[in-house]
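>>> return atomic coordinates for the entry below.
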Amino acid sequence: EHYYMWALSECPFCLLAAEELIKQKASFSAFVMDDNLEELETLKRARGWKTVPMIVHKNATGKEELVGGFTDLKEWFNGLEEK
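Prediction:
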């Protein structure tokens, strides 16, 4: 179980997402893309996502799933708690 987050340093929702991942004690990697905007756009296009943060969950079997942004992450964790 691991999360990957692509973010921009001045993005308030990116900071909130990082705080949420920490609060949930989730294993995650954050990639600040301030100096790689072209690469960020390519990554977002490839996943069909338009904003930052862009958060992806990788499960124990290696399957990746787009979680989305900060609000989606909150809903994701709420869904996990309900299970």
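
>>> residues touching the residue nearest the centre of the chain, list them.
Central residue of the chain (CA atoms, centre = their mean): I55, 1.7 Å from the mean position. Contact analysis of I55 by CB atoms under 8 Å, 6 or more residues apart in numbering lists Y3, Y4, M5, W6, A17, L66, V67, G68, G69, D72, L73. C-beta coordinates here come from the backbone N, C-alpha and C atoms, glycine included.

>>> check K44 too.
W6, K50, T51, V52, M54 are the contacts of K44 under CB under 8 Å, 6+ apart.

>>> got these as a markdown table, with neighbour count and pLDDT columns?
As requested, the contacts of K44 are exported to a markdown table (neighbours: other CB atoms under 10 Å; pLDDT from 0 to 100):
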| residue | neighbour count | pLDDT |
| --- | --- | --- |
| W6 | 22 | 98 |
| K50 | 10 | 95 |
| T51 | 13 | 95 |
| V52 | 20 | 97 |
| M54 | 24 | 98 |
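
>>> can you tell me which of the residues you listed are in strands?
W6, M54 (DSSP state E).

>>> now render the contacts of K44 as JSON lines, adding distance to N36.
JSON lines is the format used below for the contacts of K44 (distance: CB to CB, whole Å):
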{"residue": "W6", "distance to N36": "9"}
{"residue": "K50", "distance to N36": "17"}
{"residue": "T51", "distance to N36": "16"}
{"residue": "V52", "distance to N36": "12"}
{"residue": "M54", "distance to N36": "13"}
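
>>> quick one on the thing from earlier: give me the pLDDT for the residue nearest to the centre of the chain.
Confidence at I55, expressed as pLDDT, is 98.

>>> out of the contacts of I55, which end up buried?
Buried subset of these (neighbour count, 16 or more other CB atoms under 10 Å): Y3, Y4, M5, W6, A17, V67, G68, G69, D72, L73.

>>> closest to A46 out of those?
Closest approach to A46 among the buried ones among the contacts of I55 (CB to CB): W6, at 11.1 Å.

>>> just to revisit the earlier point, what's the most distant pair in the contacts of K44?
Maximum distance among the contacts of K44 (CB to CB): 12.4 Å, for W6 and K50.
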